[in-house]
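Colleague: here are the coordinates; sequence isn't available:
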């Protein structure tokens, strides 16, 4: 048993010595390589190539010169741009200033002209309403304006609408009404027209009344003075009111669809003219 223990001890000792020997050899080899590296540290790591005609050096110089020329050109171009950049810079500065001014004032430069145009249009509309440049404005303003109504038998009426006479004035004899399919007297002139045609006042007048009648539809009764009156029927969208003064040619309304009494005759304006409440032929006074 003792001998076996000694043998194991000897084997371990031999193994340790072998390991130490290997470590010593490795250390020695490393030291040799480090020394050789120090000796070669001054040598160029690149492969030297013979160049008797100095081709490589020439190309390098040419490249350097080319690069220098290019760089010089770029610098010159930059210098020119810098020298000429004053006007461009001014233009840009002006544009930025304009934008800043627009932003400061809260205005959109693109819409500024449109806003001026819109404001001008509104101002024009207001001026037009005040000065009475359109029939509707005149009708509204006429409420507070009194006219001297003095229609005489030598004065002339203007046509409320332009068109053919479908049914003429006839109080002495009867005339045939196609829709009613009967003959009867006609106190007015029935003037053919189109729907929505403007109807104008035949003379200076005061609006006596605005009403509706089954036969002639919506109508306006006018006082022309000296006992002369006029009635315009078959109207719609009447802008005038009672006791309002209108001038000759002012808007009284628009032509409406005919009532059932004139469905065959078609769209028309019923125009009756009277003297002291008695119908007379308006054709004797129309221009």
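Modeller: Good, I have the coordinates. Predicted model, so just to flag it, every value in this text is computed and none were measured.

Colleague: for the stretch 101-250 of the chain, which segments count as helices?
Modeller: 109-131, 135-141 (DSSP state H, counting those that start in this stretch).

Colleague: which stretch in these has the least confidence?
Modeller: Lowest mean pLDDT of the helices of the stretch 101-250 of the chain: helix 109-131, a mean of 39.

Colleague: okay, now the unreliable bits of the chain?
Modeller: Filtered on pLDDT under 70, the chain yields the residue ranges 1-5, 31-144.

Colleague: so this structure: which segments form each domain?
Modeller: Here the domain assignment for the chain is 1-39, 149-284, based on automatic domain parsing.

Colleague: of those, flag the one that's most buried.
Modeller: Ranked by mean neighbour count, the domains of the chain are led by domain 149-284 with a mean of 17 (mean count of other CB atoms under 10 Å). (C-beta placed from N, C-alpha, C; glycine too.)

Colleague: gap between the two ends of it?
Modeller: 20 Å (CA to CA, to the nearest Å).

Colleague: gap between the two ends of stretch 257-276?
Modeller: 30 Å.

Colleague: look up phi and psi at the closest residue to residue 228 other than its chain neighbours.
Modeller: Excluding the flanking residues, the one nearest residue 228 by CB to CB, 6 or more residues apart in numbering is residue 151, at 4.5 Å. Dihedral angles of residue 151 (phi, psi; degrees, to the nearest 10) stand at phi -70, psi 130.

Colleague: go on, the one 4 residues further on?
Modeller: Backbone geometry at residue 155, expressed as degrees, to the nearest 10, gives phi -80, psi 160.

Colleague: my guess is it meets residue 203, correct?
Modeller: Yes: using CB atoms under 8 Å, residue 155 is in contact with residue 203, at 7.1 Å.

Colleague: surely residue 10 is within a helix?
Modeller: Yes: per DSSP: H, G, I helix; E, B strand; the rest coil, residue 10 lies within a helix segment.

Colleague: what's the separation between it and residue 16?
Modeller: According to CB to CB, to the nearest Å, residue 10 stands 11 Å off from residue 16.

Colleague: repeat for residue 272
Modeller: If you measure residue 272 against residue 16 using CB to CB, the figure is 147 Å.

Colleague: and if you look at residue 187?
Modeller: Where residue 16 is concerned, residue 187 sits at a distance of 151 Å (CB to CB).

Colleague: and residue 188, by the same measure?
Modeller: According to CB to CB, residue 188 stands 147 Å off from residue 16.

Colleague: also residue 279?
Modeller: 153 Å.

Colleague: equivalent analysis for residue 241, please.
Modeller: 133 Å.

Colleague: so who does the nearest residue to residue 172 once chain neighbours are set aside touch?
Modeller: Distance criterion CB to CB, 6+ apart; nearest residue to residue 172, sequence neighbours excluded, is residue 185 at 8.0 Å. For residue 185, the contact set (CB atoms under 8 Å, 6 or more residues apart in numbering) comprises 170-175.

Colleague: go again with 6 Å.
Modeller: 170-171, 174 (CB atoms under 6 Å, 6 or more residues apart in numbering).

Colleague: just the ones of these in strands?
Modeller: Among these, the ones falling in strands (DSSP state E) are 170-171, 174.

Colleague: looking at these, which one is closest to residue 193?
Modeller: Among the ones in strands among the contacts of residue 185, residue 170 lies closest to residue 193 (CB to CB), at 20.1 Å.

Colleague: hang on, the earlier thing: from what I can see the residue nearest to residue 228 touches residue 227, true?
Modeller: No: Residue 151 is not in contact with residue 227 according to CB atoms under 6 Å; the separation is 8.7 Å.

Colleague: which residues sit against stretch 211-230?
Modeller: Stretch 211-230 is contacted by residues 149-151, 202-203, 205-206, 208-210, 231-235, 252, 256, 259, 261, 270, 273-276 when judged by CB under 6 Å, 6+ apart.
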